[in-house]
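S.K.: what's the 3D shape of this:
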Amino acid sequence: MYRLALVFTILSLGQVQKMEPDSPKFMNGEVSDASGKVFAVDSYEKGPIGVVGVEEVKQQNPPSLWAVTVQNRGTSAVTYRMTAAVVTGDNKIKGSQVMQAIKNLEPEKLSRQQVKIFPTILNPSDRVVFYLSESTTGGESWKVDKETITSLVTTVAARHPVQ
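M.R.: As a prediction, this is how the structure comes out:
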């Protein structure tokens, strides 16, 4: 319990925000920053990887970097890959970028990745969404289904307007 509180305290100092599950705007497994320009969905709810924070990392010279922090909530090491997608103001996926694989993240450990979005130009009404695209742990592999993630991302994007 104290570790979890410490993680959320550290993350909140860096402008990363875990939304309350009982909020009408956010559901369990969804994470957003304060601006609503970046969020994450839990594409594998029963999986070992959980997103605990997201943020826009503004640079002196644009474009911004986009960061995601995950935690291994499983009991053994996991290898995983996240994807960053760009969602338009009308909640359509405009492009996606698969991030570098992280290998052997130990149980309860955190991992943070930053990415520049290259597949498309970001408009002011666009948002960046992170989701787990594949994971392997204990010889068991999982990959996200394209139709399922498209539906999940567009549904959640409708609840996360840019503020």
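S.K.: now the helices for this protein?
M.R.: Taking DSSP state H to define them, one finds helices in the chain at 2-13, 146-159.
S.K.: would you single out the least confident of those?
M.R.: Ranked on mean pLDDT, the bottom entry among those is helix 2-13, at a mean of 38.
S.K.: can you list the low-confidence ranges for this structure?
M.R.: 1-29, 34, 119, 163 (pLDDT under 70).
S.K.: let's see 50
M.R.: 1-26 (pLDDT under 50).
S.K.: all strands for it, in order.
M.R.: Using DSSP state E, the strands found in the chain span residues 31-32, 38-40, 49-57, 65-72, 78-87, 93-98, 102-105, 110-115, 127-137, 140-143.
S.K.: distance to Ile149 added to those, as a markdown table?
M.R.: Where you see a C-beta, it was placed from the backbone N, CA and C, and this is true even at glycine. Formatted as a markdown table, the strands of the chain follow (distance: least, C-beta to C-beta, whole Å):
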| stretch | distance to Ile149 |
| --- | --- |
| strand 31-32 | 16 |
| strand 38-40 | 12 |
| strand 49-57 | 14 |
| strand 65-72 | 15 |
| strand 78-87 | 8 |
| strand 93-98 | 9 |
| strand 102-105 | 19 |
| strand 110-115 | 17 |
| strand 127-137 | 6 |
| strand 140-143 | 10 |
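S.K.: out of those strands, which is closest to Thr150?
M.R.: Nearest of these to Thr150, taken as C-beta to C-beta: strand 93-98 at 6.2 Å.
S.K.: what's the angle between that closest one and strand 78-87?
M.R.: Per axes from the mean of the first three to the mean of the last three C-alpha atoms, to 10 degrees, the angle that strand 93-98 makes with strand 78-87 is 150 degrees.
S.K.: list just the one of the strands of the chain that sits closest to Ala158.
M.R.: The closest of the strands of the chain to Ala158 is strand 78-87. By C-beta to C-beta, the value is 9.5 Å.
S.K.: coming back round to it: so which of the strands of the chain is nearest Ser151?
M.R.: Closest among these, using C-beta to C-beta: strand 93-98, at 10.5 Å.
S.K.: list of residues touching the closest one?
M.R.: Strand 93-98 is contacted from outside by 81-88, 115, 117-120, 126, 133, 150, 153-154, using C-beta atoms under 8 Å, 6 or more residues apart in numbering.
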